[in-house]
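Undergrad: Predicted model follows, preceded by the sequence.
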Amino acid sequence: DVKVTQSSRYLVKRTGEKVFLECVQDMDHENMFWYRQDPGLGLRLIYFSYDVKMKEKGDIPEGYSVSREKKERFSLILESASTNQTSMYLCASSAPGRTYEQYFGPGTRLTVT
Amino acid sequence: AQSVTQLDSHVSVSEGTPVLLRCNYSSSYSPSLFWYVQHPNKGLQLLLKYTSAATLVKGINGFEAEFKKSETSFHLTKPSAHMSDAAEYFCVWGGTASKLTFGTGTRLQVTL
């Protein structure tokens, strides 16, 4: 079974802090994704990556950046956390040829105070 | 923009009764459509997928969905609800560049 793990289940940070959210997948998937999930809004794509060192902006990239130095790891960075970035963050991965079948991690609930 | 609309934010059914979760899509061409499920404190899981091979799609746990082009709908159904079906369900449109566009979600409550 594909396993996608996220570094923290819950995280509390202060406004202005730099925040790193880590995601690791163990199935050698090329594609990796970061979403945020908010009540009533569903999931919105922040960034995605097709390969190591490749990244593409999603629908809401403002205030975020990403890093993919190794195939199995995809990091989401909040350069200067703000209260409106309080949310559930979900990481996902998918294999080439089955790119619509995404495997999700359990999520990180980030609270910015 | 291509999108999906989930018509109900919350659905409540009794155990053993049918489930209907409604989803309409807007697209100028035949899309790829999916349903994902999110159980409390668990990651999202693919429930079923439509990719134009057959209009009636069967998924896991007894769920199925029918693609109706004339109605631009992709409703999710199950003949008999079980308590373990309580979760949030997302209708998802598969766009270009491997991107998924999620609906806003429908929370299914199952009561005794």
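TA: Everything's here; your move. Residues are numbered from 1 along each chain as shown, chains lettered A, B, ... in the order given.
Undergrad: which residues touch the residue nearest to the spatial centre of chain A?
TA: The C-alpha lying nearest the average C-alpha coordinate of chain A belongs to A:Trp34 (Cα atoms, centre = their mean; 2.9 Å). With contacts defined as Cβ atoms under 8 Å, 6 or more residues apart in numbering or on different chains, A:Trp34 is in contact with A:21, A:23, A:45-48, A:58, A:64, A:66, A:74, A:76, A:89-91. For glycine as for every other residue, the C-beta is placed from the backbone atoms N, C-alpha and C.
Undergrad: From the residues you listed, list the buried ones, please.
TA: A:21, A:23, A:45-48, A:58, A:64, A:66, A:74, A:76, A:89-91 (16 or more other Cβ atoms under 10 Å in any protein chain shown).
Undergrad: Could you pull up phi and psi at B:Met83?
TA: phi -60, psi -30 (degrees, to the nearest 10).
Undergrad: Check the gap between it and B:Leu44 for me.
TA: To B:Leu44, B:Met83 is 20 Å away according to Cβ to Cβ, to the nearest Å.
Undergrad: what does A:Ala92 give?
TA: In terms of Cβ to Cβ, A:Ala92 sits 8 Å off from B:Leu44.
Undergrad: Name the residues contacting each of those two.
TA: Shared contacts of A:Ala92 and B:Leu44, defined by Cβ under 8 Å, 6+ apart, comprise A:Gln102, A:Phe104.
Undergrad: Quickly check: the helix-or-strand element of chain B with minimal mean pLDDT near chain A or not.
TA: Within chain B, no helix or strand scores below strand B:100-102, which has a mean of 88 by mean pLDDT, DSSP states H and E. Yes. Strand B:100-102 reaches chain A (Cβ under 8 Å from any Cβ of the partner chain) through B:Leu100, B:Phe102.
Undergrad: so what secondary structure elements neighbour that strand?
TA: Contacts defined by 3 or more Cβ pairs under 8 Å, 6 or more residues apart in numbering or on different chains; DSSP states H and E place strand B:100-102 against strand A:42-49, strand B:3-6, strand B:87-94.
Undergrad: List the neighbours of it that are in contact with it.
TA: A:35, A:42-45, A:100, A:102, B:2-4, B:34, B:36, B:90-95.
Undergrad: Try it again at 6 Å.
TA: A:Gly42, A:Leu43, B:Ser3, B:Phe90, B:Val92, B:Trp93, B:Gly94, B:Gly95 (Cβ atoms under 6 Å, 6 or more residues apart in numbering or on different chains).
Undergrad: Going through the residues you listed, which ones are buried?
TA: Buried among the contacts of strand B:100-102 by 16+ other Cβ under 10 Å: A:Gly42, A:Leu43, B:Phe90, B:Val92, B:Trp93, B:Gly94, B:Gly95.
Undergrad: And the pLDDT at residue 43?
TA: No chain was given, so I picked chain A. According to the prediction, A:Leu43 has pLDDT 93.
Undergrad: You answered for a different chain; I wanted chain B.
TA: pLDDT for B:Gly43: 83.
Undergrad: thinking again about what came up before, identify whichever of the helices and strands packed on strand B:100-102 lies nearest to B:Glu71.
TA: strand B:3-6 (12.5 Å; Cβ to Cβ).
Undergrad: Before we go further, A:Asn84 is sitting in a helix, right?
TA: Yes. Under DSSP: H, G, I helix; E, B strand; the rest coil, A:Asn84 sits within a helix.
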